[in-house]
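Chemist: What shape does this take:
(4 chains)
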Number of protein chains: 2
Amino acid sequence: MELNEKQRLILDAAEKLMAEKGFDGTSVRDIAEEAGVNLAMISYYFGSKEKMMEAMFAQRSGYYKLQLESMIRDKELGPMAKMERLIDQYIEKLMNHQAFHRVLVREQMVSGNKMITDHIQELKKQNQALIREIISEGQKKGVFKKNIDLPILMMTLIGTISQLLTTQHFYKEINGLQDMPADEFQKHIRKKLSLHLKKIFHAILSNEA
Amino acid sequence: MELNEKQRLILDAAEKLMAEKGFDGTSVRDIAEEAGVNLAMISYYFGSKEKMMEAMFAQRSGYYKLQLESMIRDKELGPMAKMERLIDQYIEKLMNHQAFHRVLVREQMVSGNKMITDHIQELKKQNQALIREIISEGQKKGVFKKNIDLPILMMTLIGTISQLLTTQHFYKEINGLQDMPADEFQKHIRKKLSLHLKKIFHAILSNEA
DNA sequence: AGCAAAATTAAACAAATGTTTGATTTAAAC
DNA sequence: GTTTAAATCAAACATTTGTTTAATTTTGCT
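Modeler: Sure thing, here's the model as predicted:
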């Protein structure tokens, strides 16, 4: 779907506010004001608040589509190196779109909008299918263990990153990092996350002792 | 705070509905109907919807208080055995109070109610202080690694469980478990989670190869 | 039984909600 | 320059929201 300038303004405003207050906690008047457009434009362009949300997911959920295809076929990279790149891709994707990810986490919990949850589910399936290829390759080469439970492993990957995203204010305080500049903190935390998750994946996947 | 029968009915109804629809997505009329009480009783007993939520957290957040003290002093248990019990306690606590945990996850993400987020933060700090004791003991005995980043490890613990809680429908479908009875599924998933997380903790904490 | 406090109720309240309307302005096409 | 459609706007709309009111019922106590 092609978006014009006004539509983009509206979705940006909606994403920002809904990341803070949630769908029901954000009124269309708040969104219109934040976007600097007239209230009626939301219905005019999207039909309704609900459909505006759907448009937002259609527009943004591509964030979750990983750039994996070419990497998977790469003959130079070993399976573990591929998994490490995968981890970093997930960290980048989720951290670079924190606001949208918050909206998504909320929406995922609700039994709510079928169109949206189906959309998310489909993306997850596609990603898992690709990752499974890497794992199969690793098992065939004997560097990965047999009997790997990918869905649970993905829960640790996404769950750990999500948990950081939703509680980073806690993390800052508990580590006395309130005064660290925002971008420096982002770098710091991504590095930590990356090392931590790679250690975990290595322990779960690798055949070596 | 002591609760009478009506107050309990109200909080139970509120918890159930807010786990599904969130705070803003749940009206006091919905809550009153679900609880089978008159609409005005919510203001009458709690003062407001907001304060009702605070009462709910005051009442339920004890779920997150682990029964660790006595176990920590236990001379029979090694540090790794203690960590394993810790993992199982977290799994039990969060899984046994799924509805409340959903409400908490949502509320945690919002900048919203200071009283509630402070309460949560305080509980986390207390728990982490206790866990740190176990880790120090393990390090002193030489069975745990030095330089363990506890906050990140806790993110993996809580994040993995939370991710499962918020996406279990997806997990069911991807594993073809839609027809498994609910209680059997709960058992199945707790067992898997437990083994998975213990493997991770062992890899991160243990000094052995 | 009589009384005071607590509990319960239906109704009313003002404010906020998502959406629509109908008029007006802007832009594009001829 | 006129015409036609798209875009923009303030106002109005009907619901829904959380809360309060004022009357009534129930409860506990003497």
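
Chemist: alpha carbons only for contacts and neighbour counts from here, please
Modeler: OK.

Chemist: Where does the record place the domain boundaries for chain A?
Modeler: Per automatic domain parsing, the domain ranges recorded for chain A read A:5-52, A:65-205.

Chemist: tell me the centre residue of chain A?
Modeler: Central residue of chain A (Cα atoms, centre = their mean): residue A:94, 3.6 Å from the mean position.

Chemist: from memory that residue sits against residue A:101, does it?
Modeler: Yes - between residue A:94 and residue A:101 there is a contact under Cα atoms under 8 Å: 6.4 Å.

Chemist: As JSON lines, the domains of chain A with mean pLDDT and distance to DNA strand D would be great.
Modeler: Output for these, formatted as JSON lines (pLDDT from 0 to 100; distance: least, Cα to the nearest atom of the strand, whole Å):
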{"stretch": "domain A:5-52", "mean pLDDT": "96", "distance to DNA strand D": "4"}
{"stretch": "domain A:65-205", "mean pLDDT": "91", "distance to DNA strand D": "15"}
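
Chemist: Tell me how many other residues crowd residue A:32.
Modeler: By the measure other Cα atoms under 10 Å in any protein chain shown, the count of residues near residue A:32 is 20.

Chemist: Which one of the domains of chain A lies nearest to chain B?
Modeler: Nearest to chain B, of all those, is domain A:65-205, at 4.3 Å by Cα to the nearest Cα.

Chemist: The closest one and chain B, are they touching?
Modeler: Yes - among the residues of domain A:65-205, A:102, A:106, A:108-112, A:121, A:125, A:151-152, A:155-164, A:166-167, A:170-171, A:174, A:193, A:196, A:199-200, A:203-204 lie within reach of chain B under Cα under 8 Å from any Cα of the partner chain.

Chemist: From the residues you listed, list the buried ones, please.
Modeler: Neighbour-count burial (16 or more other Cα atoms under 10 Å in any protein chain shown) applied to the residues of domain A:65-205 next to chain B gives A:102, A:106, A:108-110, A:121, A:152, A:155-164, A:166, A:170-171, A:193, A:196, A:200, A:203-204.

Chemist: Where does residue A:20 fall, secondary structure wise?
Modeler: helix A:5-21 (DSSP states H and E).

Chemist: how about the host helix or strand of the residue nearest to the centre of chain A as PDB, C-alpha atoms only?
Modeler: In this structure, residue A:94 sits in helix A:79-96 according to DSSP H and E. What follows is helix A:79-96, C-alpha atoms only, in PDB (Å, rounded to 0.1, in the frame of the first residue of the first chain):
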ATOM      1  CA  PRO A  79      26.300 -22.800  10.400                       C
ATOM      2  CA  MET A  80      27.300 -21.300  13.700                       C
ATOM      3  CA  ALA A  81      28.500 -18.100  12.000                       C
ATOM      4  CA  LYS A  82      25.100 -17.900  10.300                       C
ATOM      5  CA  MET A  83      23.300 -18.300  13.600                       C
ATOM      6  CA  GLU A  84      25.400 -15.500  15.000                       C
ATOM      7  CA  ARG A  85      24.400 -13.200  12.200                       C
ATOM      8  CA  LEU A  86      20.800 -14.200  12.700                       C
ATOM      9  CA  ILE A  87      21.100 -13.100  16.400                       C
ATOM     10  CA  ASP A  88      22.500  -9.800  15.500                       C
ATOM     11  CA  GLN A  89      19.900  -9.200  12.800                       C
ATOM     12  CA  TYR A  90      17.100  -9.900  15.400                       C
ATOM     13  CA  ILE A  91      18.700  -7.500  17.900                       C
ATOM     14  CA  GLU A  92      19.000  -4.800  15.200                       C
ATOM     15  CA  LYS A  93      15.500  -5.200  13.900                       C
ATOM     16  CA  LEU A  94      13.800  -5.100  17.300                       C
ATOM     17  CA  MET A  95      16.000  -2.400  18.700                       C
ATOM     18  CA  ASN A  96      15.800  -0.200  15.700                       C
END
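
Chemist: after it comes which helix or strand?
Modeler: helix A:98-109.

Chemist: In terms of secondary structure, what does that next one contact?
Modeler: The contact analysis (3 or more Cα pairs under 8 Å, 6 or more residues apart in numbering or on different chains; DSSP states H and E) places helix A:98-109 against helix A:5-21, helix A:150-166, helix B:98-109.

Chemist: mind putting those in a markdown table, distance to DNA strand C included?
Modeler: Output for the helices and strands packed on helix A:98-109, formatted as a markdown table (distance: least, Cα to the nearest atom of the strand, whole Å):
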| stretch | distance to DNA strand C |
| --- | --- |
| helix A:5-21 | 11 |
| helix A:150-166 | 23 |
| helix B:98-109 | 18 |
